[in-house]
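Provided below for reference: sequence and predicted model.
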Amino acid sequence: MSTIKSRPIYPGLSPDPNARRNVVVCDAAGAEAVVELLARADGEFAGRTSVVLSSEGLFGKESESIVERLKPATVETTAGLVPAIDRLKEILASATMGLRLYAAGSEPLIGSVVQAGAENFIDPLSVRTEHRGSLKRRVQCVHCKGMTENVTTNPVKCAQCGLLLLVRDHYSKRLAAFQGVCINAETPDESPELKVEFQ
Amino acid sequence: MTASFLRTVRVAEVEPVASRIKRFRLVSADSQPLSEFSGGSHVTVCMKAPDRLIRNPYSLMGSPSDTSSYQISVLKVEGSRGGSEFMHERVEVGTELEISEPLNLFPPAKIARKHILVAGGIGITPFMSMMGELEALGADFELHYGVRSLGDGAFCKLLEARYGKRIHVYLQDQGQLIPLERVLANQPLGSHMYVCGPKPMIDWALRTATLAGWPDENIHSEQFNAPPIGKPFVVKLTKSKREVRVGGHQSILEALEQNGIDAPFLCRGGACGQCETSVAACDGFIEHNDHYLSDAEKASGKKIMICMSRISGDAITLDL
Amino acid sequence: MVLAFKNETFRDDFTFSNSPAAIRRFPFPFVEDKYMYSVNIEPHELGPKGSVYEFPIDIDEHYVSEMRDRALVLDADPGRCQALPHMITAQWDMLELLMTSMARDYPEHFSLTRDGNQWHWINRPLGIDHKFTFGDVATLPYQPMEYIGRQCQGDFSIQDQRDGQLWMDAGIITTQADWSLDFDVGMNFFEWHAPVPLAHQAGVFDRALKFLLNMQHGRPVRRLNWTMTINSRLDTSPENYHKWGIDRTTVTPENVGDKVHLRVELQALWRLPRSNAILFSIRCYMIKMRELATVPKWGRRLPRVLRTLPDEIADYKGLTRYRQTTIDWLSKYDDGAPTSLGGGPD
């Protein structure tokens, strides 16, 4: 476990039996956690629950089988993380109190859900989260402010400015990203090996 | 945290505003103008009763932008520890009092999209300044104010004149109750609820909000508790090697102060954590009355908040 | 007191230096001959005449040049000054605190005339004469925090207080010791201190947070923090680390005296009255090793302290590459004589 206090902790999904409406965003790995959530909750919970599925990397058949397993919750399938978050923002724009937000899957997905929630006045602490699947990260370059998605190595080359970045555990909920800092500023002649660290 | 940090004020006006409620207007009586304050703040008023010193917290009622005077309101509570009686019977225009600087343990959440204020009886007091602040910020708010009767409802007319349709008054003697479930339904995402009033009312409001699916993060409450009354006991102090008797109507903190022993304090309501004290031994059971210590800390018996909690038993030994 | 403002730089040719008087008043942070981490918070009370504690807000001979450097940083990277929308009341609180302090304590240089909400502010060193309406942002050329922040030495952050936490929801930070406001804005007290080693485990931040949450208006507190900087660079931001990090490799036994600087932050905290927020000022003082060694006690003490610094802390502060070279250079000023307790010169 990280000793860095800004590193988020994902306690796992638990149903809010009082919520009037449950909105869940997940990816394929996270969908397994949602299936377990529905199994843990009472029978009426699923009827109040809508799921936005990011189907990135899934074939049509696989998506369909996930939709089937999440029934009777309603499921909307989107092509990936970006359209899933866009759909979430639409839902939140007209939502009222009594809505409970959940996120399950990779860290970039959870981070994006928490971020979209905060932009719509939902306290990050009230979002219920569970990490599943890949450990890949979203990294913000502290120098050029560019975002590098799906980072699995440390260090990593910034997708925008090309600097070699040390990926720190320091995390910003507002940016939904880890911090990347130039790793060889003091040793520009050295080029450390990219080690796979977040798979 | 002792007398040197207190301000001296003079009572400029005393006005009965409802049955058993008096409003006091306080002006600076030392060289400094009164401080600005934020909505939801209170001051602690020191009362030199003949037999002892009483310090009670009272919410500041005026507009935060007006520092020419402070206003507090005091409900006279029969059979209580004597603070409200002192204010009602012994304080008049011209009386000088010592007060603390304003402290805010009940601020509005500035990030909220909308504020739902729920008050019962004298619990209206912190909302007076809070509404002034929210109004100045152009924030969206509404007040739901339950009182026994119009005669008990301080400030109903004033509030309706000032804030119009945002004020909802419910008269218990007319069979009107705050329809909280309906109020909380269909509020926009990012609404926050604040409740202040008697304990049963606070508990009811918190439960109602939770059952309406409101997250804990959006629910806030403030309760001004006087330290509960109990049986006398003895406090033994390890550092100053003294023994002090705590009377039935006294808190540990008050008993220490009466005996000239300095102990840290701030809110005197069991909320801020300043007076947290280590327990070396206890011959009896600690009655924890604070909102600060965790359940685990309370169960451990190693900590006590001396402004609010006492023991049922003979003696407690504190690291003071 | 009329200050003579120096014309100097904190980048490129680095012409910054301290006058003998500025050296004497430098807030040397080490009170004994070894390194001790402590929160060391004390009341921010007025100190001796001429000291950095004489007034709540300290203005010194570097004022004009530091403000010029701040303007350069903000022009290049506006993200160094950010405020979330709910912090506007706190911004006005900050402006009031700084303007009233500066005008009261340095009347030769600053003046503030108030007629209700109609305020008239004169800043003679920077040639500013401005009438505005307190509370009306449209009457200022910047938001209140940026307006006064461009005219006051020291970085500032403003913490909102809610849910038993402090949230860094505003700041103007151009002379930071390697932390990014843009990354940290919106974080709570534990989150923005996350990268600090060792102290979390020791419970230091739990105690500090409790203390700060109960801070009262009119009773500011302060502490000193320190690090070291190569060249007199004020803007040691992570944003530009890829440009200045290389400086750390340029220290040689010959140039320690001029290149290596002790950098001390006088951190002061105020409860702001209208907003219930907490203002945190980080006032940076730099001194070259050559200047520091002119005070015999400091020349003796600093190498002793640097030797006892744990490696984690040295790494975190970025001293590892030049710590030993600096100790070696300073050691010629350490004759082994005992030193007196406390930080001030003997």
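That came through, no problem.

alpha carbons only for contacts and neighbour counts from here, please
Will do.

what's the spacing between B:Cys282 and B:Ile306?
Look at B:Cys282 and B:Ile306: by C-alpha to C-alpha, to the nearest Å, they are 14 Å apart.

show me which of those two is the more surrounded one.
B:Ile306 (30 against 19; other C-alpha atoms under 10 Å in any protein chain shown).

how about the residues of the stretch 201-346 of chain C near chain B?
Contacts of the stretch 201-346 of chain C with chain B, taken as C-alpha under 8 Å from any C-alpha of the partner chain, map to C:Lys210, C:Asn214, C:Gln216, C:His217, C:Pro273, C:Arg274, C:Ser275, C:Asn276.

go with 7 Å
C:Asn214, C:Gln216, C:Pro273, C:Arg274, C:Ser275, C:Asn276 (C-alpha under 7 Å from any C-alpha of the partner chain).

most neighbours out of those, which is it?
With neighbours taken as other C-alpha under 10 Å, the top of those is C:Asn276, carrying 31 neighbours.

grab the nearest non-local neighbour of that one.
Closest residue to C:Asn276 in three dimensions, ignoring its sequence neighbours and counting by C-alpha to C-alpha, 6 or more residues apart in numbering or on different chains: B:Ser38, at 5.9 Å.

mind listing what the one you found touches?
B:Pro64, C:Pro273, C:Arg274, C:Ser275, C:Asn276 (C-alpha atoms under 7 Å, 6 or more residues apart in numbering or on different chains).

can you pull the domain assignment for the chain?
This is for chain A. With automatic domain parsing as the criterion, the domains of chain A are listed as A:21-131, A:137-196.

wait, chain B
B:3-99, B:114-222, B:233-318.

CSV for the ones you listed, including distance to C:Phe156 and mean pLDDT?
Below are these laid out as CSV (distance: least, C-alpha to C-alpha, whole Å; pLDDT from 0 to 100):
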stretch, distance to C:Phe156, mean pLDDT
domain B:3-99, 21, 89
domain B:114-222, 23, 94
domain B:233-318, 26, 91
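
quick one: which of those domains is nearest C:Ile287?
Among those, the nearest to C:Ile287 by C-alpha to C-alpha is domain B:3-99 (37.3 Å).

report pLDDT for C:Trp119.
C:Trp119 carries a pLDDT score of 98 in this model.

show me what contacts the residue of the stretch 51-200 of chain B found nearest chain C?
Chain C sits closest to B:Lys110 of the stretch 51-200 of chain B, with a gap of 5.7 Å, by C-alpha to the nearest C-alpha. By C-alpha under 7 Å, 6+ apart, B:Lys110 lies in contact with C:His86.

swap in A:Arg174?
Neighbour list for A:Arg174: A:Gln115, C:Gly186 [criterion: C-alpha under 7 Å, 6+ apart].

same deal with the one 4 residues further on?
If you count contacts by C-alpha under 7 Å, 6+ apart, A:Phe178 has them with A:Arg138, A:Val139, A:Gln140, A:Val167, A:Arg168, A:Asp169, A:His170, A:Tyr171, A:Ser172.

could you verify that it is part of a strand?
Yes - A:Phe178 forms part of a strand when assessed by DSSP: H, G, I helix; E, B strand; the rest coil.

need the domains of chain B in JSON lines with distance to C:Pro197, can you?
Putting the domains of chain B into JSON lines (distance: least, C-alpha to C-alpha, whole Å) gives the following:
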{"stretch": "domain B:3-99", "distance to C:Pro197": "36"}
{"stretch": "domain B:114-222", "distance to C:Pro197": "30"}
{"stretch": "domain B:233-318", "distance to C:Pro197": "27"}
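
max pairwise distance over the contacts of B:Ser38: which two?
B:Pro64 and C:Asn276 (11.3 Å).

farthest residue from the center of chain B?
What lies farthest from the middle of chain B is B:Lys241; by C-alpha atoms, centre = their mean that is 32.8 Å.

give the next helix or strand downstream of the least confident helix or strand in chain A by mean pLDDT.
In chain A, the helix or strand scored least confidently by mean pLDDT, DSSP states H and E is helix A:60-70, which has a mean of 91. Under the assignment DSSP states H and E, the closest C-terminal helix or strand after helix A:60-70 is strand A:74-78.

ok, that next one: who's next to it in the sheet?
As defined by DSSP bridges, the strand partners of strand A:74-78 come to strand A:49-54 (parallel).

the partner strand versus helix A:60-70: what angle between them?
Interaxial angle of strand A:49-54 relative to helix A:60-70 (axes from the mean of the first three to the mean of the last three C-alpha atoms, to 10 degrees): 160 degrees.

pull out the buried residues from strand A:49-54.
Going by neighbour count (16 or more other C-alpha atoms under 10 Å in any protein chain shown), the buried part of strand A:49-54 is A:Thr49, A:Ser50, A:Val51, A:Val52, A:Leu53, A:Ser54.

surely the fifth one touches A:Val25?
Pointing back at A:Leu53 there. Yes - between A:Leu53 and A:Val25 a contact is recorded at 6.0 Å, counting by C-alpha atoms under 7 Å.

neighbours of C:Glu45, just the number please.
Look at C:Glu45: counted by other C-alpha under 10 Å, it has 14 neighbours.

same question, A:Glu193
Burial of A:Glu193 is recorded as 10 neighbouring residues (other C-alpha under 10 Å).

how near is the residue positioned nearest the centre of chain C to C:Lys259?
Per C-alpha atoms, centre = their mean, the C-alpha nearest to the average position across chain C is that of C:Arg283, at 2.3 Å. Taking C-alpha to C-alpha as the measure, C:Arg283 falls 21 Å from C:Lys259.

in chain A, which spans are strands?
A:21-26, A:49-54, A:74-78, A:99-105, A:128-131, A:137-141, A:147-151, A:153-154, A:156-157, A:164-172, A:177-182, A:195-196 (DSSP state E).

show me the contact partners of the third one.
The list of residues contacting strand A:74-78 from outside it, by C-alpha under 7 Å, 6+ apart, reads A:Thr49, A:Ser50, A:Val51, A:Val52, A:Leu53, A:Ser54, A:Ser55, A:Val67, A:Ala84.

tell me the buried residues in that strand?
Across strand A:74-78, burial judged by 16+ other C-alpha under 10 Å covers A:Thr74, A:Val75, A:Thr77, A:Thr78.

which of the buried residues of strand A:49-54 sit farthest apart?
Every pair in the buried residues of strand A:49-54 was compared (C-alpha to C-alpha); the two farthest apart turn out to be A:Thr49 and A:Ser54, at 16.2 Å.

if we can go back for a sec, among the contacts of strand A:74-78, which one lies nearest to C:Leu181?
Of all the contacts of strand A:74-78, C:Leu181 sits closest to A:Ala84, with 29.6 Å by C-alpha to C-alpha.

count of residues packed around that closest one?
Neighbours around A:Ala84, by other C-alpha under 10 Å: 25.

and what of C:Asn225?
Other residues lying near C:Asn225 total 19 when counted by other C-alpha under 10 Å.

next: B:Asp203.
By other C-alpha under 10 Å, 13 other residues sit near B:Asp203.

for B:Pro108, see how far away it is.
According to C-alpha to C-alpha, B:Asp203 and B:Pro108 sit 19 Å apart.
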